[in-house]
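>>> heads up, no residue letters with this:
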């Protein structure tokens, strides 16, 4: 079985060296290739499909993509043009780069925006205009060699660059030199001793009066120069010599890239066929003929004729099924991507993918997936074997769905727990089974059993859970619960009676080791818990998608992908926090010196926690004056600190409570930010302990409030690094207030209107 790579339209789109963005009629981003994101100086995962264009423009304005000025005014200027008409907008970034944005409307109301960098072009134009303005007084400063001859072909004017580019002595030719004498001088130079040099001189010598001539040559040092022979109205002529090495190299590079693209398309392990707007074949690679052996096509053929020929040759099978395929091929509309799998007469299985092209044509990619289909069949066989194996292993296994009903079990469960026959049937509610287990004494005395039944009833099964059971037979069982896709979970029971004493000794050794290194143990316990949930989500959803082998509906794939993406972002956030803690503790934590808008940062923090606040029925109030000044500091870390603190306030506030965020100047001129909640509060003896890294006041893995215990530690470190102070005041059951004071030395003066 060989591995094959499918190149999607998005991949080809992303490889185009010109920035391209596709926006739907609702002004939401559909596609944005790598070059466009690079023109905005954005990370590759910025502005995913579905992002409103206005949000993307606003984020870009705040990053300085549109240069200095009011971001709101810049957003309004970008959003104002009528996108149903072609247009162009030029933007200049803080870094001095210039881009021309070309708007191309599409018939369905969407439009394409192309970003072409014109920095070099505008710079070259400015240089040329400046040079023309100074020609009379600064001819010697020209980068172009210039010589002017009169009607008798005698030299009137020459600049030093002319001799340099033609590799002549600095003082030659002199004014009054005959044109032919200059060519004779060039012929005596070693630079022109080869055949190419002789031909160059001959071309100049043969230039007819009054007729223009362009001649280029490759010098011995690898530079390429171009000679332009232009007649003048007085019968004379002007010769300009230019170093066109960059242009030549750019053209060569463009030709190489075009050749490389052709080679990729011709050698990619997928058959590719491109149709024009008239449904005629415009390109087909060799692999297509290999995959579609026995069903050839030619450049220029009409698609309808190809379909009819293949139908008649039995390519689509026989009978009604073949007619259905032919009908679909004839009536298919290529305004959206489409995927279909079919079996060819020779027994091979192919996937046919079609996607629209901007010019109204479409592309078809055919892939031989016979090996994949065989692998799917093998996977099904192995799944059956796995089922047999699970039925015979010594561990007891219970599989539950998201409604807390039994899906499947193996025979070992009833044996290990001593359950009666007929109890473990699919559809059995969890509460029925736990009630029977409590009656059998599996949860200890009646008072303990009732408490355990209640705990299991409300247990969050998205978090791994394990405990030990002492059953009446004297066995010690290890019960473990791990989340499964779609909100279900798997419970396993393992007989650990014979190893309990050994494990107890290992536990004692572990406790001694943890006592010797408490900080490290606390870190491992906390972070393993925090990492496990997103990792289980990623593994669970991805395994489900792999096991279904392409049969998952598109909406389920989107949901699974969203869950995996969210879990990945959660992992990345945890890792970034740990890295910041490492920098703080190693003394390498240095904030950036940027202009920070605290008001905007607070508004963004309120927006980010909005969904959580609404879900928890917590109101968030923002009290910020309109003239709050900017401060100098690390914008990303200050914004993250405010977001973390506000998120904490919402998280620890019960339903019906409120969180208030205020900002302003103190009497001493310092900047004060306060976050007040009506949450659970913090005991007075713990007000300083919460600032220790990896500290949670509730340190059990089944704690109510999740988190790595790093938020307050990093928040205080960020504020202190800016020369400020972060303090807490709190009362249990009343609420908590966080006060951040940044010194007035950090406050920036108001900008000049």
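That came in fine, so what should we check first? This one's a predicted model, so the numbers in the text were calculated from it and none came from an experiment. Residues are numbered from 1 along each chain as shown.

>>> Run through the residues that contact residue 169.
Residues counted as contacts of residue 169 (C-beta atoms under 8 Å, 6 or more residues apart in numbering) are residue 163. To be clear about C-beta, it is placed using only N, CA and C from the backbone, and glycine gets the same treatment.

>>> 10 Å - rerun?
For residue 169, the contact set (C-beta atoms under 10 Å, 6 or more residues apart in numbering) comprises 163, 185, 189.

>>> same check, this time on residue 29
Contacts for residue 29 (C-beta under 10 Å, 6+ apart) come out as 21-23, 36, 47-53, 55-56, 113.

>>> Adding pLDDT, secondary structure and neighbour count, write the residues you listed out as CSV.
Output for the contacts of residue 29, formatted as CSV (pLDDT from 0 to 100; DSSP: H, G, I helix; E, B strand; the rest coil; neighbours: other C-beta atoms under 10 Å):
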residue, pLDDT, secondary structure, neighbour count
21, 83, strand, 23
22, 85, strand, 19
23, 86, strand, 23
36, 78, helix, 24
47, 78, coil, 21
48, 83, coil, 9
49, 84, coil, 12
50, 85, coil, 10
51, 86, coil, 16
52, 90, strand, 14
53, 83, helix, 21
55, 84, helix, 13
56, 82, helix, 22
113, 85, strand, 20
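
>>> now, which of those sits nearest residue 478?
Residue 478 lies nearest to residue 48 out of the contacts of residue 29, by C-beta to C-beta, at 42.5 Å.

>>> surely the closest one meets residue 55?
No - counting by C-beta atoms under 10 Å, residue 55 is not a contact partner of residue 48; they are 11.1 Å apart.

>>> of all the contacts of residue 29, which comes closest to residue 535?
Nearest member of these to residue 535, counting by C-beta to C-beta, is residue 48, at 22.1 Å.

>>> For the closest one, give its distance to residue 37.
Between residue 48 and residue 37 the computed distance is 11 Å (C-beta to C-beta, to the nearest Å).

>>> what does residue 623 give?
Residue 623 is 37 Å from residue 37, by C-beta to C-beta.

>>> Looking at the two, which one has more neighbours?
The residue with more neighbours, out of residue 623 and residue 37, is residue 37; 19 against 11, by other C-beta atoms under 10 Å.

>>> Which secondary structure elements does the helix or strand harbouring that one sit against?
Using DSSP states H and E, residue 37 maps to helix 34-39. Here helix 34-39 is seen to pack against helix 9-15, strand 19-23, strand 98-105, strand 111-117 when contacts are counted using 3 or more C-beta pairs under 10 Å, 6 or more residues apart in numbering; DSSP states H and E.

>>> tell me the mean pLDDT over the longest one?
Average pLDDT, strand 98-105: 84.

>>> ok, the residue of the chain most remote from its centre - contacts?
The centre of the chain is farthest from one residue, residue 152, which by C-alpha atoms, centre = their mean lies 67.3 Å away. Shown in contact with residue 152 (C-beta under 10 Å, 6+ apart): 178-179, 235-236.

>>> Helix or strand: which one has residue 579?
Going by DSSP H and E, residue 579 is part of helix 554-586.

>>> helix or strand right after that helix?
Counting by DSSP H and E, the element after helix 554-586 in chain order, helix or strand, is strand 594-596.

>>> So which elements touch that following strand?
By 3+ C-beta pairs under 10 Å, 6+ apart, strand 594-596 packs against strand 631-633, helix 635-651.

>>> Off-centre distance for the helix or strand residue 377 falls within?
If you go by DSSP H and E, residue 377 is part of helix 370-390. Relative to its chain's centre, helix 370-390 lies at 34 Å (C-alpha atoms, centre = their mean, to the nearest Å).

>>> helix or strand right after that helix?
Next helix or strand after helix 370-390 toward the C-terminus (DSSP H and E): strand 396-400.

>>> Parallel or antiparallel, list what pairs with that following strand.
Here strand 396-400 has these sheet partners by DSSP bridges: strand 406-409 (antiparallel), strand 489-495 (antiparallel).

>>> Quick check: which of those strands is buried the most?
By mean neighbour count, with neighbours taken as mean count of other C-beta atoms under 10 Å, strand 489-495 ranks first of these at a mean of 20.

>>> picking that back up, neighbouring contacts of the helix holding residue 37?
By C-beta under 10 Å, 6+ apart, the surrounding residues in contact with helix 34-39 are 13-22, 29, 42-47, 60, 65, 91, 93, 97, 99, 101, 113-117.

>>> Can I get the buried part of the residues you listed as one ChimeraX selection?
To isolate the buried members of the contacts of helix 34-39 in ChimeraX, using 16 or more other C-beta atoms under 10 Å:
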select :13,14,19,20,21,22,29,42,47,60,65,91,93,97,99,101,113,114,115,117
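
>>> Assign the residue farthest from the centre of the chain to one of the three secondary structure states.
Following DSSP: H, G, I helix; E, B strand; the rest coil, the label given to residue 152 is coil.

>>> Could you give the backbone dihedrals for it?
Main-chain torsions, residue 152, degrees, to the nearest 10: phi -90, psi 10.

>>> Show me the one of the helices and strands packed on strand 594-596 that comes nearest residue 399.
Closest of the helices and strands packed on strand 594-596 to residue 399 is helix 635-651, at 32.3 Å (criterion: C-beta to C-beta).

>>> about what we covered before: make TSV out of the strands paired with strand 396-400 and add distance to residue 731 and mean pLDDT.
Output for the strands paired with strand 396-400, formatted as TSV (distance: least, C-beta to C-beta, whole Å; pLDDT from 0 to 100):
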stretch	distance to residue 731	mean pLDDT
strand 406-409	47	85
strand 489-495	39	86
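
>>> Distance to residue 640 for those strands - can I get that in a markdown table?
As requested, these are exported to a markdown table (distance: least, C-beta to C-beta, whole Å):
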| stretch | distance to residue 640 |
| --- | --- |
| strand 406-409 | 42 |
| strand 489-495 | 33 |
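
>>> still on that earlier bit, any idea which of the helices and strands packed on strand 594-596 has the lowest pLDDT on average?
The minimum mean pLDDT among those belongs to helix 635-651 (a mean of 87).

>>> Check which element follows that one along the chain.
Taking DSSP H and E, what comes next after helix 635-651 is strand 658-665.

>>> Mind checking what helix or strand follows that following strand in sequence?
Later in the chain than strand 658-665, the nearest helix or strand by DSSP H and E is strand 671-677.

>>> following the one helix or strand residue 447 maps to, which helix or strand shows up next?
For residue 447, the enclosing helix or strand under DSSP H and E is helix 446-457. Sequence-wise, the next helix or strand downstream of helix 446-457 (DSSP H and E) is strand 465-470.

>>> State the distance spanning the first to the last residue of stretch 437-445.
Distance between the boundary residues of stretch 437-445 (C-alpha to C-alpha, to the nearest Å) amounts to 12 Å.

>>> same thing with stretch 409-426?
So stretch 409-426: terminal residues 8 Å apart, C-alpha to C-alpha.

>>> List the buried residues for that stretch?
Residues 409-410, 412-414, 416-417, 419, 423-424 are the ones in stretch 409-426 that count as buried (16+ other C-beta under 10 Å).

>>> for stretch 661-671, same thing?
Neighbour-count burial for stretch 661-671, counted by 16+ other C-beta under 10 Å, picks out 661-663, 670-671.

>>> Any chance of CSV for the residues you listed, columns pLDDT?
Formatted as CSV, the buried residues of stretch 661-671 follow (pLDDT from 0 to 100):
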residue, pLDDT
661, 91
662, 92
663, 92
670, 92
671, 92
